[in-house]
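Chemist: From the sequence below, what's the structure:
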Amino acid sequence: MQLKGSLLFSTLAFTAYALAMPAENNNIYIAARAGPAKACGDPRNTVPLLRAYKPGTDHFYTTDAAEMTRATSSLGYIDEGTTGYVFANQEPQTVPLYRTYSNAALDHFYTADLNERNNAISNLGYSDEGVVGYVYSNTNCGALPLFREYSNAQTDHFYTMSAAERDNASSNLRYTQEGISGFIFPF
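Modeler: Residues are numbered from 1 along each chain as shown. All right, here's what the predicted structure looks like:
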């Protein structure tokens, strides 16, 4: 019994110590949850995932404000604000959110699944546009779902954190729900 109590005290003391450390001395965030502590990315290192829409053709997402300005000032996109927050650089437990584009379909496609990205490039006519940011592949670090939908009519992939927006797109705008692309922090 003494060993179990000492182990619990040591775990709690370490967690309190790690959470109290300034970010410049500790580049990981310890998730305060029941059970063993898990190393997660520091939410203070996230950046906005910006969203724009080109009517009838494409939703576009980027973390680069200059790229968003170019899209909205000269490519016909309309700024739709911030979808949520992603990491600009790899953090503990995050995975890349890949961006691809199809000239034929005029569609940007985003996925955290490398095999899905490779299939889009090899078999579906998409080209690689790199990594837009880093996301979690589960909810272990407190992030929330980034929902993915697709419209055959517009050949458009649409991403949102809002269940209401997702449901409206599938009920009224002829989008099909395709699941979750990753987990990010809310706006």
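Chemist: all contacts plus neighbour counts: C-alpha atoms, from now on.
Modeler: OK.
Chemist: burial count for residue 115?
Modeler: When neighbours are counted by other C-alpha atoms under 10 Å, residue 115 registers 10.
Chemist: wait, is it part of a helix?
Modeler: Yes. The assignment for residue 115 by DSSP: H, G, I helix; E, B strand; the rest coil puts it in a helix.
Chemist: And it, how far from residue 123?
Modeler: 12 Å (C-alpha to C-alpha, to the nearest Å).
Chemist: what's the answer for residue 185, then?
Modeler: From residue 185 over to residue 123 (counting by C-alpha to C-alpha), the distance is 32 Å.
Chemist: which of these two has more neighbours?
Modeler: With neighbours defined as other C-alpha under 10 Å, residue 185 and residue 123 compare such that residue 185 has more, 23 against 8.
Chemist: residues touching the more buried one, list them.
Modeler: Residues counted as contacts of residue 185 (C-alpha atoms under 8 Å, 6 or more residues apart in numbering) are 43, 84, 85, 86, 142, 143, 144.
Chemist: can we see that at 7 Å?
Modeler: Each residue near residue 185 by C-alpha atoms under 7 Å, 6 or more residues apart in numbering is listed here: 84, 85, 86, 143, 144.
Chemist: if you look at the residues you listed, which of them are in strands?
Modeler: If you go by DSSP state E, the contacts of residue 185 have 84, 85, 86, 144 in strands.
Chemist: Give me the pLDDT for the last one.
Modeler: Residue 144 carries a pLDDT value of 97.
Chemist: Name all residues that make contact with the closest residue to it other than its chain neighbours.
Modeler: Nearest residue to residue 144, sequence neighbours excluded (C-alpha to C-alpha, 6 or more residues apart in numbering): residue 183, at 4.9 Å. For residue 183, the contacting residues are 135, 136, 137, 138, 139, 143, 144, 145, 146, by C-alpha under 7 Å, 6+ apart.
Chemist: where does residue 183 land in three-state SS?
Modeler: At residue 183 the chain is in strand, as set by three-state DSSP.
Chemist: Give the phi and psi angles for residue 141, as a check.
Modeler: For residue 141, the backbone dihedrals (degrees, to the nearest 10) come out as phi -100, psi 10.
Chemist: and if you look at residue 105?
Modeler: phi -90, psi -10.
Chemist: re earlier: drop anything exposed from the contacts of residue 183.
Modeler: Taking 16 or more other C-alpha atoms under 10 Å as the criterion, what is buried in these is 135, 136, 137, 138, 143, 144, 145, 146.
Chemist: hang on, the earlier thing: gap between the residue nearest to residue 144 and residue 175?
Modeler: As for residue 183, its distance to residue 175 is 21 Å (criterion: C-alpha to C-alpha).
Chemist: show me where this structure has helices.
Modeler: 2-20, 65-74, 114-123, 163-172 (DSSP state H).
Chemist: show me what contacts residue 151?
Modeler: Contact partners of residue 151, counting by C-alpha under 7 Å, 6+ apart, are 157, 174, 175, 176.
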